[in-house]
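Colleague: Take this sequence and fold it.
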Amino acid sequence: MREPQSSQHLGVILVLALRNLRRNARRTILTATALMVGGALLIFSLLLGDGTHEQWIDSGVRTGSGHVTIERPEFRLSRKIEDRLPASTRPLVTTALKSPDVASHVTSVFARLTVTGLASSASGARPAQILGVDPVTEATLSPLDEQVIDGRYLEPGDRLAAYVGVGLVESLDLRLGSRLVLTAQDTHKEIAGQLVRVVGVFRSGIPEIDQSLIHIPLDTAGEWLGTGHDVTNIGVMLDDSTAVAGLVQHLRSELADPLRRGEAVVMGWQEAMPALRDAVLIDEWGSYVMFGILFIIIGFSIVNTVLMSVLHRYREFGVLQALGLTPPQTGAVVLIEGLVLTGLSGVAGVALGFGLTWFFLADGLDMTRMMDGLDEMTFSGVAIDPVIYPVFRMTRVVQSLGFIVFLGALASVYPAVRAATVDAAEAMKFER
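Modeller: Take a look at the predicted model:
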């Protein structure tokens, strides 16, 4: 008998809550509108923010070492050629990436031989960051091949070719076809030189890159420095940065032997690029703080709405308790009012926000006008496209709805407690 009575009481409580929301339609609509606008702004900002951060990350890892990088533990600090990966590591990585658990997320795998040296011409010498790259793979992932301002990018079959930043070209008084000598320490710790010709000039928009970076073919770098098929790092590009943690764990398991011998280390972009990681976190938490303040204000609006309905219904609560409703059930009526109000408003607000996000999803949100017409902007040493594409993730929808409902429940607790403590005898004397 208890279960039917409990269900009946729950039905009565729900009917009473809905009836009061309908009876105070103006107050309900005003509060619901505030929640809808807040929910729409929240989901729109989160999805747009995720798109912005994904763009930052993508741009950073393409010019950097990939979403995931495999390299010697010492190389990150030493940047020395002797701290390179042995050629035997590359097939192990290739095999590990063929696993069905991770293969669907992998979009590109590349190997680089990075060395710090000097670039010299008849006009002088400048420090240079020299990257030996595979021209075909690099052209599919690096943005530098699209930033050519003169000449072309490296091509298969190139041997003594160099793709040079515009700042370095200007400081060394170079032009297309000019010769320059690259000098660095080889595997025998001797100074070795390599003559190359400029086949292309690029402008990334980042002075540190434009004034120092040079791309040469990987085979040429291996012959010059005596590294053979060894490389300094192997990078992996993914279709989504959220898959990084899973891939790092998988590779650490598959490469357990080289890792145990100290021949390799597997790092996600967060560990390999701490400046970019911190920039993303600061921006993300800034958004959380801003929306936290907004929803605190909306929370007070909910408290005001529900509490005012309680203060105007003392006599009603007294009658309900006289008819058999317990104090906890009286409080439950008020709590359900707040939950229904925030739940329905939250769903409508999130749907509205998702609709706005979808509107901008096809063509993106062009921020060029806000940047004085610049074609790109730089942030944390990364060149970023000013057109932002929102990224839809169902987890964000669930998080937003959960947050709004939690806010409604929290804001309804005090009014519910007030309703539960109503004295039936005193409330019957209360005149509206």
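Colleague: Strands of this structure, start to end?
Modeller: With DSSP state E as the criterion, the chain has strands at 68-71, 106-121, 124-133, 148-151, 161-165, 179-185, 191-202, 213-217, 233-238, 265-268, 365-366, 377-379, 382-384, 387-388.
Colleague: Show me what the second one is packed against.
Modeller: Under the contact definition 3 or more CB pairs under 8 Å, 6 or more residues apart in numbering; DSSP states H and E, strand 106-121 sits against helix 89-96, strand 124-133, helix 135-141, strand 179-185, helix 218-225, strand 233-238. (Glycine included, C-beta is placed from N, CA and C.)
Colleague: Quick one: list the elements packing against the longest one.
Modeller: This points to strand 124-133. Going by 3+ CB pairs under 8 Å, 6+ apart, strand 124-133 lies up against strand 106-121, helix 166-171, strand 179-185, strand 213-217, helix 218-225.
Colleague: If you average pLDDT over each of the strands of the chain, which is lowest?
Modeller: Set side by side, the strands of the chain differ in mean pLDDT, and strand 377-379 is lowest with a mean of 56.
Colleague: hey, which of the helices and strands packed on strand 106-121 is tucked in deepest?
Modeller: Among the helices and strands packed on strand 106-121, judged by mean count of other CB atoms under 10 Å, the one packed with the most neighbours on average is strand 233-238 (a mean of 24).
Colleague: Can you check what angle separates that one from helix 89-96?
Modeller: Between strand 233-238 and helix 89-96, the angle formed by their directions is 20 degrees, by axes from the mean of the first three to the mean of the last three CA atoms, to 10 degrees.
Colleague: Partner strands of strand 233-238 and their direction?
Modeller: Neighbouring strands of strand 233-238 in its sheet, by DSSP bridges, are strand 68-71 (antiparallel), strand 106-121 (antiparallel).
Colleague: got the contact list for that strand?
Modeller: Contact with strand 233-238 is made by 61-62, 65-71, 75, 85, 89-90, 93, 97, 105-112, 114, 141, 244, 247, as judged by CB atoms under 8 Å, 6 or more residues apart in numbering.
Colleague: hang on, the earlier thing: R79: which of the helices and strands packed on strand 106-121 is closest?
Modeller: Closest approach to R79 among the helices and strands packed on strand 106-121 is made by strand 124-133 (8.9 Å; CB to CB).
Colleague: For that closest one, C-alpha coordinates in PDB please.
Modeller: Output in PDB follows, covering the C-alpha atoms of strand 124-133 (Å, rounded to 0.1, in the frame of the first residue of the first chain):
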ATOM      1  CA  GLY A 124      77.400  37.400 -42.500                       C
ATOM      2  CA  ALA A 125      76.100  34.600 -40.300                       C
ATOM      3  CA  ARG A 126      73.000  34.200 -38.200                       C
ATOM      4  CA  PRO A 127      71.900  31.500 -35.700                       C
ATOM      5  CA  ALA A 128      69.400  29.100 -37.300                       C
ATOM      6  CA  GLN A 129      67.000  26.400 -36.300                       C
ATOM      7  CA  ILE A 130      67.500  23.800 -39.100                       C
ATOM      8  CA  LEU A 131      64.800  21.200 -39.600                       C
ATOM      9  CA  GLY A 132      65.400  18.100 -41.800                       C
ATOM     10  CA  VAL A 133      61.900  17.200 -43.000                       C
END
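Colleague: Thank you, goodbye.
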